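>>> I'd like to go over a predicted model; first the sequence, then the structure.
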Amino acid sequence: VKDTSQSDFYLKSSEGINSELCVPILVSSKIVGVLNIESQIKNAYTEADERLLVTIAGGLANAMVRLLLFEQEEKLHKQANALREATASLTESLNINTIYEKILTLSAKLVDYTSASIELINGRYAEIVAQRGLPENSDFIGRSYELEPEKWNKDLWKPVIVSNVQDDSRFVKFPETSYIRGWMGIPLIAQEKLIGFLNFDSDKIGFFKQEDAALLQIFGNQAAIAVENSKHFEQESRRARIIEAIADIANETTTSHDTGVILNKIASRAMELLVANNVAVYLLQDDNQTIKVAVAHGTYSQQLLSHTIQLHEGITGNLIAEGKAEIVNMTSNDPRRVNVPGTPKDNGVSETMMSAPLLLHGKCIGSINVWRLVNQGLFSQMELNFLISIAHQTSIALEASHLLEEAIKNAQETSAIAEVGRNISSTLQLDSVLERIAFHAKNLLNAETSAIYLSETEKNLLVSIAAVGVDSEEIKNDP
C-alpha cells in the first residue's frame, strides 16, 4: 500500500502510518499468517523490498513448520509415555474399585476434563460405577439407564463428541450437571465386546477434539482389558467361594438335623454369595397345592414369610409346578408375576430373580428363590448352577431331617407301646392305665389334648374316662 490514505483495504492500527507492505506466510499453500511492515513515509517500499519480505516470510514459514513438527512430536512423545505409564499402572491391581480410580486419574493426564464417569453394560442397561469431579452430594454411582443406540443414530462402538449438551435433546438434564457443556464418550471394548463407556465432561463449549477421542480410545481399550481381567479374577474367586460354600452346606446337612437351622444357614450363604437383597425357601404343603415360605432373609423377609401361594400361582407357583430352574431378568415384564403384599408394586421394574427347584425322588417339593436389583447385575448361568447345587443339598437335608423325625417317632411309639404294656401288667387300676395311655397318645401325636371315651349303652352316651392336656378337667366332667 503506497498511500494508506488512498486505500480502502488499509486498517488503521497506529497513527502516522502512510505506507505498508504485507506478504502472506504460506505453509503447504495455506495462509497461516501475515508478515507486515509499515512506514510513515509514502511510497516507502519497492518491488525489491517486496521480494525480500517474501523471502523472509518463506523462511519464517519453514521455521514455523519445523517448530510445529517439533511441538507435535514432543506432544506425541509425551502422550506415548503417558499411555505406557497408564497401561503399566492398570496392571498393578486386580481390585475393581482401585482400577476405576486409576482409570479416572490416568485419563486426566491425557485430556483435561471437568468431570468424568465410567459406565458398564449389563444386558440392555448401562450402570454408572465410578465418577470424578461431580459437585458435592451428586452421587450418580448405581444409576442405570436403558441403552438406546437408535437415539444417537450412531455406532456405539465409536467415540462420540458433543459440542454443547445443553442444546442437545438426547441428553437428560439434571440440576447437578447444568455446568456441563462439552462432552465426549469413549467406548470400552475388550475382546471384541463392548463392555461400557468412559464419559468426559467440560464446562466449555466445543472443548473436546477428535484427536482427544483418538488418544482416549487407545487408553480406553487398555482400560477395558483391565476391567475385564478384574471381573474375571473376581468371578474365579467367587467360584472358589461358591465351591467352598457348597462343601460347607453339604457338611452342615450331615452334621445337623434341625431343619430350621439348616435352611437359615443355606439362605444366609446364598444371600451373601449371590449378592441378593432377598432369599426365600418355599415348601409345598401336604395338600400338594399350598406353598408357604419356610425361611426368608433380606429386605422383605417378613412380607415373604406371611405370603402363601397356590401351585401354578405367580412365577414361583408355576416353576414349582414344572419343577424347573429359571432366571427372570426383569420380573416386571413377566406375565406370571404376582405382587407380594407389603412390597412395592413397582419393585419388579428394577428387580431380577432366579429360582431352583427342591427335587426329592423326582417330585418338586418347593424351591429356593433369590432376588436382587438390576443395577447390581443380572444373574448368570454360573450363579444359577450354584443355586441348583444349593437346592440339591437342601433337598437332601430335608429328606434326612424327615427320615430322622420318622425314626424318632417310631422309636417313641415303640417305647410308648412297651410302657403301656408294662403299666397294664403292673396295676389293676383301670383309670391309671387309661390316664397313661392318653398321656402317651398326646405326646406321640403332638396334640394339645388327649382323651379316652367309653360308651354307656344304657344312656347312649360316650363318657370321658381319662383326659390329659388343655381343658382335661372340663372334658372329664362333660359326658
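Great, that's in hand.

>>> all contacts plus neighbour counts: C-alpha atoms, from now on.
OK.

>>> so N122 bridges to which residues?
Y125 (DSSP bridges).

>>> What separation do you get for it and A397?
35 Å (C-alpha to C-alpha, to the nearest Å).

>>> neighbour-wise, which of those two wins?
Neighbour count, other C-alpha atoms under 10 Å: between N122 and A397, A397 has more, with 24 against 18.

>>> thinking the more buried one is in contact with V261, fair?
No - with contacts defined as C-alpha atoms under 8 Å, A397 does not count as touching V261, sitting 10.8 Å away.

>>> Give me the buried positions along stretch 89-105.
Under the neighbour-count criterion of 16 or more other C-alpha atoms under 10 Å, stretch 89-105 has L90, T91, L94, I96, I99, Y100, K102, I103, L104 buried.

>>> L311 touches I291, doesn't it?
Yes - using C-alpha under 8 Å, L311 is in contact with I291, at 6.8 Å.

>>> and for these two, which residues touch both?
G317 (C-alpha atoms under 8 Å, 6 or more residues apart in numbering).

>>> where exactly do the helices run in the chain?
47-90, 96-107, 149-152, 210-255, 259-273, 301-305, 314-322, 381-426, 430-444, 472-476 (DSSP state H).

>>> Include distance to N36 and mean pLDDT when you put the ones you listed into TSV, please.
Shown next, in TSV, are these (distance: least, C-alpha to C-alpha, whole Å; pLDDT from 0 to 100):
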stretch	distance to N36	mean pLDDT
helix 47-90	9	79
helix 96-107	43	89
helix 149-152	48	66
helix 210-255	33	78
helix 259-273	75	84
helix 301-305	83	93
helix 314-322	83	95
helix 381-426	74	73
helix 430-444	115	79
helix 472-476	122	81
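
>>> one step back: pick out whichever of L311 and I291 has more residues nearby.
Taking other C-alpha under 10 Å, L311 and I291 do not tie; I291 has more neighbours (24 against 18).

>>> how much space between the closest residue to that one other than its chain neighbours and D203?
In space, and not counting its chain neighbours, I291 is closest to L284: 4.5 Å by C-alpha to C-alpha, 6 or more residues apart in numbering. Relative to D203, L284 is positioned 60 Å away (C-alpha to C-alpha).

>>> who's more crowded, the two?
L284 (23 against 17).

>>> okay, that one: pLDDT?
Looking at L284, its pLDDT stands at 93.

>>> Was I right to think Q217 contacts P159?
Yes - counting by C-alpha under 8 Å, Q217 does reach P159; the two are 7.3 Å apart.

>>> so what's in contact with those two at the same time?
I186, P187.

>>> thinking again about what came up before, pipe the helices of the chain into a markdown table and attach distance to D3 per row.
Below are the helices of the chain laid out as a markdown table (distance: least, C-alpha to C-alpha, whole Å):
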| stretch | distance to D3 |
| --- | --- |
| helix 47-90 | 15 |
| helix 96-107 | 56 |
| helix 149-152 | 57 |
| helix 210-255 | 46 |
| helix 259-273 | 88 |
| helix 301-305 | 94 |
| helix 314-322 | 93 |
| helix 381-426 | 86 |
| helix 430-444 | 126 |
| helix 472-476 | 132 |
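
>>> who wins for proximity to K363 among those helices?
The closest of the helices of the chain to K363 is helix 314-322. By C-alpha to C-alpha, the value is 9.6 Å.

>>> which helices and strands does the closest one pack with?
strand 351-360, strand 363-373 (3 or more C-alpha pairs under 8 Å, 6 or more residues apart in numbering; DSSP states H and E).

>>> could you dump those strands to CSV with distance to N443 and mean neighbour count?
What follows is these, written out as CSV (distance: least, C-alpha to C-alpha, whole Å; neighbours: other C-alpha atoms under 10 Å):
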stretch, distance to N443, mean neighbour count
strand 351-360, 29, 24
strand 363-373, 28, 24
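
>>> Select, out of those, the one closest to S144.
S144 sits nearest to strand 363-373 of all the helices and strands packed on helix 314-322, at 10.8 Å, using C-alpha to C-alpha.

>>> contacting residues around the closest one?
Here strand 363-373 has contacts from 270-271, 275-284, 291, 316, 320-323, 350-359, 387, 391, using C-alpha under 8 Å, 6+ apart.

>>> So what's the residue count around G323?
19.

>>> Give the full set of residues in contact with it.
P357, L358, L359, K363, C364.

>>> again, only using 7 Å
P357, C364 (C-alpha atoms under 7 Å, 6 or more residues apart in numbering).

>>> tell me the phi and psi of it?
Main-chain dihedrals, G323, degrees, to the nearest 10: phi 60, psi 40.

>>> so how far is S163 from it?
Counting by C-alpha to C-alpha - G323 and S163 are separated by 56 Å.

>>> same deal with V111?
Taken as C-alpha to C-alpha, the span from V111 to S163 is 16 Å.

>>> Need phi/psi at L134.
According to degrees, to the nearest 10, L134 has phi -70, psi 160.

>>> what sits against it?
Contacts of L134 by C-alpha under 7 Å, 6+ apart are S115.

>>> please redo it, this time with the cut-off set to 10 Å
T114, S115, A116, S117, F140, E176, T177, Y179, D201 (C-alpha atoms under 10 Å, 6 or more residues apart in numbering).

>>> ChimeraX command to pick out the buried ones of these?
ChimeraX command restricting these to the buried ones, with burial defined by 16+ other C-alpha under 10 Å:
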select :114,115,116,117,177,179,201
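
>>> that older thread, wait, what's in contact with the residue nearest to I291?
So L284 contacts 290-294, 309-311, 317, 320-321, 358, 364-367 (C-alpha under 10 Å, 6+ apart).

>>> again, but for E473
By C-alpha under 10 Å, 6+ apart, the neighbours of E473 are S464, A466, A467.

>>> Could you do T316 as well?
By C-alpha under 10 Å, 6+ apart, the neighbours of T316 are 282, 291, 309-310, 322, 326, 336-338, 354-357, 366-369.

>>> Same check on G342?
Y300, Q302, Q303, L304, S306, H307.

>>> what do you get for L305?
A280, V281, Y282, K292, V293, A294, V295, A296, H297.

>>> again with T177
Contacts of T177 by C-alpha under 10 Å, 6+ apart are S115, L134, P135, S138, Q166, D201, D203.

>>> mind checking how far the third one is from T114?
P135 sits at a distance of 10 Å from T114 (criterion: C-alpha to C-alpha).
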